[in-house]
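[1] mind folding the following:
(chains A and B)
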2 protein chains.
Amino acid sequence: MRPPPSARPFLQWLFLGGLVGVVSGIASALFLYLLDRATRLREHHTLLVYTLPLAGLVLGLIYDRWGKPIRGGNNLVIDSVHEGDTRIPLRMAPMVLVGTVLTHLFGGSVGREGTAVQMGSSLADAVAHRFRVDAATRRELLSAGIAGGFGSVFGTPIAGTVFGLEVVVIGRMGYEALLPSLVAAVVGDLVTRGLGIAHTAYPAPAPLPLTVPLLGKWLVFAVAVALVATTFVELVHWMKKGWERYVPTLPLRMTAGGLLLVGLWWLVGTDMYLGLGVPTILRAFTDPELPSAAFALKLLFTVLTLSAGFLGGEVTPLFFIGAALGNVLARLLGLPLDMGAAVGLAAMFAAAANTPLALSIMAVELLGSAVLPHVAIVSTLAYLLTGHRGIYPSQRIARLKH
Amino acid sequence: MRPPPSARPFLQWLFLGGLVGVVSGIASALFLYLLDRATRLREHHTLLVYTLPLAGLVLGLIYDRWGKPIRGGNNLVIDSVHEGDTRIPLRMAPMVLVGTVLTHLFGGSVGREGTAVQMGSSLADAVAHRFRVDAATRRELLSAGIAGGFGSVFGTPIAGTVFGLEVVVIGRMGYEALLPSLVAAVVGDLVTRGLGIAHTAYPAPAPLPLTVPLLGKWLVFAVAVALVATTFVELVHWMKKGWERYVPTLPLRMTAGGLLLVGLWWLVGTDMYLGLGVPTILRAFTDPELPSAAFALKLLFTVLTLSAGFLGGEVTPLFFIGAALGNVLARLLGLPLDMGAAVGLAAMFAAAANTPLALSIMAVELLGSAVLPHVAIVSTLAYLLTGHRGIYPSQRIARLKH
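    Numbers count the residues shown, from 1 in each chain, chains lettered A, B, ... in the order given. Got it, this is the predicted structure:
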């Protein structure tokens, strides 16, 4: 039988989801403000990059002493959504915030979504404990924390909502947490913007009609995206294992990683692969002279930073890798440069995180409606071609992709 | 363990999904061409409407004699996706096509998605039988048929893809059929456009920033949409039961329904509630003088046509009802008229069909990216507020909404 809906859970979700939105929106605003300051400081004082090994040592000591329960990062969050017993420590929020900002200050190549998602969900878990909600409600609030963090840090509330639902399981999307996730993401985004934070404005490509030859090009494009996403995922896992085996002490590992990064930076002779790399992402939309190897170098910088133990996320580096790869593929395949960069940007993260729908919607929120069919097609194909690996090994597999 | 993907199923889905796309695209093109001719003919020869009772008698006799196995319509399709044993007869395609076109020729108020979905899935079932695929593959091909029909008839391939996955179950979306659905919808849309069919161009509302007062307005808006969607769903069910009880013979029922429709048409003294009503949908975006009762009258015409036994779909009438209601609500709440109509249009069908995500994407494909956050918020709230009813009673409930 179909029971009538009741107003009580509806209002409860508006309240609890809104609360999660407010706290994750404030956290994202603080994070983005500090990140902006750190990035500017580093850009004006490039010598700071030479202290990255020292920063790695200090951060490694701090993480080693107080950070053990939070080292799981996004995987800990995904595990907690599935298994009610894993508590997310509240200190995850400040630790991952400070760790990511410092990593950026000294030029490490990491992203933001990991930090935002971990802050959002650890704050959501605190809300869950404060109001003594039951286990099912808590799991849905954790999804809301993911959605609130993701939606507010990128200014993409609807993508945040879908990301919170889509990221926890591969091959299925449950609607249990739909309302709290939507409320948290929308309120979180409002709060972050209300606190004066402006997000990167990406160019909106012009509409491009689908044709059969274009579909053929997108298939080739998707294979390339899937190959690079797979390389990224496997390289992070493989290098992490290698690091842990040969340099078991975290502070030493991060120092060594910092040294390697400084060496790599010195070798390539440019700052463009440090930090988020937003200027290069924007350049990929318009510059036919972008170095063809840019995507591979950014991949190397990011894999090195993350595998050595630095904290942060993967979205913006993967946007960089995808947009730069898309730029090259657009030139090879005869596609408009901006459309190639746009599709690469979204599809690369969709394939690496197994979230094709969230990234299709994110592309619309960042890049306008003209990109939708192209991004959805390439994201889905690349998502299917990467198999069951991903940047979040904790994702459960509901159904095999094939 | 995570098995590596294999190229074989990938290529198989490209082929089978593409084939379903080609046949459903051709069917949609033929349908839209005939529908356009029928609508023009009726608009130029209004006297045709007086023959609606006679058309009801003839259609009723035909359905009664040959149409029993296909009377389930979209519910039969949804049942077949869940239970492998229900075969969808191939004759469903021509019967529902002819029935819908004739209903429009004589002025009945029905939509197109039912027809397109039923043609797409019965053709997909024929493909499944021709290639002797196994039961699981057949179910996924049926989803592809839904996606191919929906995507090609509205020119919205990505919404068609998501609709095919979202419509079969309430509260969860499986990705099993993602690839064949995407391929069928994209190819189907290409084929329909390639055959020279042009789709209605809707105006794209200007961006409207989210604010707290605006969220309050959208909440009121969503309650109104949910009330009207619930009224529509319940009235169709209730009147269908009433008709079947008091006029058990289908040809007589459709004759009587036709007579009532002619009387209602004569009473309101305008043709605007007959057929699809696309001109009035477009008017709702710009005309502050649109009659406030337009949404209620279209609801009455549509409920009467569908409950008496005429075939067709619900999308375009629900777009009309939603856009007209949105027009009124925009004037009452102080919202831009076009945004009100846009949000009403998408959210009304999202709530009635339990497909908030497909309609959020459809809104982007039809109305541009500025509507996305507003449509997604109102569609989700209205979807949750309508409870577990819907225009497709065969939808399984994976999770209660609350």
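
[2] which residues touch the closest residue to residue A:361 other than its chain neighbours?
    Nearest residue to residue A:361 in three dimensions, chain neighbours excluded: residue A:159, at 4.6 Å (Cβ to Cβ, 6 or more residues apart in numbering or on different chains). To be clear about C-beta, it is placed using only N, CA and C from the backbone, and glycine gets the same treatment. Contacts for residue A:159 (Cβ atoms under 8 Å, 6 or more residues apart in numbering or on different chains) come out as A:150, A:151, A:358, A:359, A:361, A:362, A:365.

[3] do you know how far the closest residue to residue A:163 other than its chain neighbours is from residue A:346?
    Sequence neighbours aside, residue A:358 is the residue nearest to residue A:163 in space, at 3.9 Å (criterion: Cβ to Cβ, 6+ apart). Distance, residue A:358 to residue A:346, by Cβ to Cβ, to the nearest Å: 10 Å.

[4] more neighbours: which of these two?
    Neighbour comparison, residue A:358 and residue A:346: the larger count goes to residue A:346, with 35 against 28 (by other Cβ atoms under 10 Å in any protein chain shown).

[5] so the more buried one makes contact with residue A:362?
    Yes. Applying Cβ atoms under 8 Å, one finds residue A:346 in contact with residue A:362, separated by 6.4 Å.

[6] residues of the top helix by length along chain A that come out buried?
    Longest helix of chain A, by residue count under DSSP state H: helix A:7-44. Using 16 or more other Cβ atoms under 10 Å in any protein chain shown as the test for burial, helix A:7-44 gives A:10, A:12-14, A:16-32, A:34-35, A:38-39, A:42.

[7] try stretch A:293-301
    For stretch A:293-301, using 16+ other Cβ under 10 Å, the buried residues are A:294, A:295, A:296, A:297, A:298, A:299, A:300, A:301.

[8] quick one: distance of the helix or strand where the last one lies to the chain centre.
    What it means is residue A:301. Residue A:301 is part of helix A:294-307, with elements assigned from DSSP states H and E. Chain-centre distance of helix A:294-307: 15 Å, with Cα atoms, centre = their mean, to the nearest Å.

[9] who are the packing partners of the next helix-or-strand element following that helix?
    Following helix A:294-307 in sequence order, the next helix or strand is helix A:315-333 (DSSP H and E). Where contact means 3 or more Cβ pairs under 8 Å, 6 or more residues apart in numbering or on different chains; DSSP states H and E, helix A:315-333 is packed against helix A:212-246, helix A:278-284, helix A:294-307, helix A:337-353.

[10] so of these, which one's packed in deepest?
    helix A:337-353 (a mean of 30; mean count of other Cβ atoms under 10 Å in any protein chain shown).

[11] what average pLDDT does that one get?
    For helix A:337-353, mean pLDDT rounds to 96.

[12] hang on, the earlier thing: what's the angle from whichever helix or strand comes after the longest helix of chain A to helix A:294-307?
    Next in sequence after helix A:7-44, counting helices and strands by DSSP H and E, comes helix A:52-66. Interaxial angle of helix A:52-66 relative to helix A:294-307 (axes from the mean of the first three to the mean of the last three Cα atoms, to 10 degrees): 40 degrees.

[13] and residue A:364, what does it touch?
    Here residue A:364 is in contact with A:371, A:372, A:375, B:364, B:369, B:372 (Cβ under 8 Å, 6+ apart).

[14] same question for residue A:66.
    A:91, A:95.

[15] how near is it to residue A:104?
    Taken as Cβ to Cβ, the span from residue A:66 to residue A:104 is 21 Å.

[16] just residue A:377 next, same as before
    In terms of Cβ to Cβ, residue A:377 sits 34 Å off from residue A:104.

[17] check residue A:395 too.
    From residue A:395 across to residue A:104, the span is 26 Å (Cβ to Cβ).

[18] neighbour count for these two, which is higher?
    Shown here are residue A:395 and residue A:104; by other Cβ under 10 Å, residue A:104 has more neighbours (27 against 24).

[19] just the mean pLDDT for the strand or helix carrying the more buried one, thanks.
    Per DSSP H and E: residue A:104 is located in helix A:92-105. Regarding helix A:92-105, the rounded mean pLDDT is 89.

[20] could you do stretch A:161-173 as well?
    87.

[21] tell me the pLDDT of residue A:398.
    So residue A:398 comes in at 68 (pLDDT).

[22] hmm, I was thinking of residue A:264
    Per-residue pLDDT puts residue A:264 at 94.

[23] check residue A:323 too.
    Confidence score, pLDDT, at residue A:323: 98.

[24] residue A:27 versus that one, what's the distance?
    Relative to residue A:27, and taking Cβ to Cβ, residue A:323 is found at 27 Å.

[25] then residue A:200?
    Applying Cβ to Cβ to residue A:200 and residue A:27 gives a distance of 19 Å.

[26] cool, and residue A:136?
    The value you get for residue A:136 to residue A:27, if Cβ to Cβ is used, is 25 Å.

[27] over to residue A:375?
    Counting by Cβ to Cβ, the separation of residue A:375 from residue A:27 is 29 Å.

[28] one more: residue A:10?
    Distance from residue A:10 to residue A:27, by Cβ to Cβ: 26 Å.

[29] likewise for residue A:363?
    Relative to residue A:27, and taking Cβ to Cβ, residue A:363 is found at 25 Å.

[30] one more: residue A:213?
    47 Å.

[31] returning to what we had before: and the helix holding residue A:104, what does it pack onto?
    Checking 3+ Cβ pairs under 8 Å, 6+ apart, helix A:92-105 ends up next to helix A:7-44, helix A:52-66, helix A:113-130.

[32] mean pLDDT for the ones you listed - can I get that in TSV?
    Converted to TSV, these look like this (pLDDT from 0 to 100):
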stretch	mean pLDDT
helix A:7-44	92
helix A:52-66	89
helix A:113-130	90
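
[33] of all those helices, which lies closest to residue B:388?
    Closest approach to residue B:388 among these (Cβ to Cβ): helix A:7-44, 13.7 Å.
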